[in-house]
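Q: Sequence and predicted structure below; questions after.
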Amino acid sequence: KVLNDKERHRNTNEVEFPEMKGIGRVVMTLTLAPTPAGLDPWDRCAAIYLFDDKGERFEVQRYITPYRRAYTWKTDVTDFLPLFKGKKKMEQFCETYSAGWLVSVTLSFYPGPSANTPIKIENLWCGSAELGNPKNPSEKFFITKKIKPDSKGSAWRVRFSVTGHGQYPNTDNAGEFFALNRTLTVNGTEFVNQLWKEDNYLNPCRPQGGTWKFDRAGWAP
């Protein structure tokens, strides 16, 4: 229940994870609750980060805040199991200039079998790329990465948490209201899909204020 408002954009905490074996699933519970000043009216881009022993930052959860609504979400974060060991710094970040929220985050570890037990996680890109600005092309952010697969692994997966957000300098201030294809190229093979979401009106966190029902690029407030 830490305050995230116009005066407090970052909340950090040191977490010591107990030794655990046989974990099959990890679920993160994120709660945004009203502050004494009310609830933030805007759709802010936010994240939960974890820093490993070397200080490298991993984005465990990205979220878009709802328009003037409190809510609780549960997300499967089992892919990050290799990081949930020992003493780690965790951070909640959201740049807002209004009433904000009271933020709570918990992790639940469930014992049991797992079809694919994660043994290693490696950052490819972490942060925000700007789209539609010729002076700052997205290629500067999405640089080619060379990955040496771990010999102990039998399968590999790329996990994206992508949110189209922001207006200027996009064409006609299109921002998140512009459908774009994204392409991931691995060893010369292209994997393409369109970042677009048309079922925002079914958002379980409803009703909200603002433009929450509109189709968007990859996210729902």
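A: Good, I have the coordinates. Numbering: from 1, shown residues only.
Q: Tell me how far the residue lying farthest from the centre of the chain lies from D52.
A: Going by CA atoms, centre = their mean, the residue of the chain most distant from its centre is S151, 28.4 Å out. For S151, the distance to D52 equals 21 Å [CB to CB, to the nearest Å]. Where C-beta positions appear, they are placed from N, C-alpha and C, glycine not excepted.
Q: right, and the helix or strand after the helix-or-strand element of the chain with minimal mean pLDDT?
A: For the chain, using mean pLDDT, DSSP states H and E, the weakest element among its helices and strands is strand 180-186, scoring a mean of 89. For strand 180-186, the following helix or strand on the C-terminal side (DSSP states H and E) is strand 189-195.
Q: packing partners for that following strand?
A: Here strand 189-195 touches strand 180-186, going by 3 or more CB pairs under 8 Å, 6 or more residues apart in numbering; DSSP states H and E.
Q: ok, now which ones touch the residue nearest in space to the middle of the chain?
A: In the chain, the residue lying closest to the centroid (CA atoms, centre = their mean) is R62, at 1.7 Å. Applying CB atoms under 8 Å, 6 or more residues apart in numbering to R62 gives the contacts 45-48, 161, 163.
Q: Can you tell me which of those is nearest V77?
A: Here the nearest of the contacts of R62 to V77, counting by CB to CB, is I48; it sits at 8.9 Å.
Q: give me the beta-bridge partners of that closest one?
A: Q61, Q92 (DSSP bridges).
Q: wouldn't it be in contact with E91 here?
A: Yes: between I48 and E91 there is a contact at 7.3 Å, judged by CB atoms under 8 Å.
Q: Out of those two, name the residue with the larger neighbour count.
A: I48 (23 against 15; other CB atoms under 10 Å).
Q: returning to what we had before: give the ChimeraX command for selecting the buried subset of the contacts of R62.
A: In ChimeraX, this line selects whichever of those come out buried by 16 or more other CB atoms under 10 Å:
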select :45,46,47,48,163
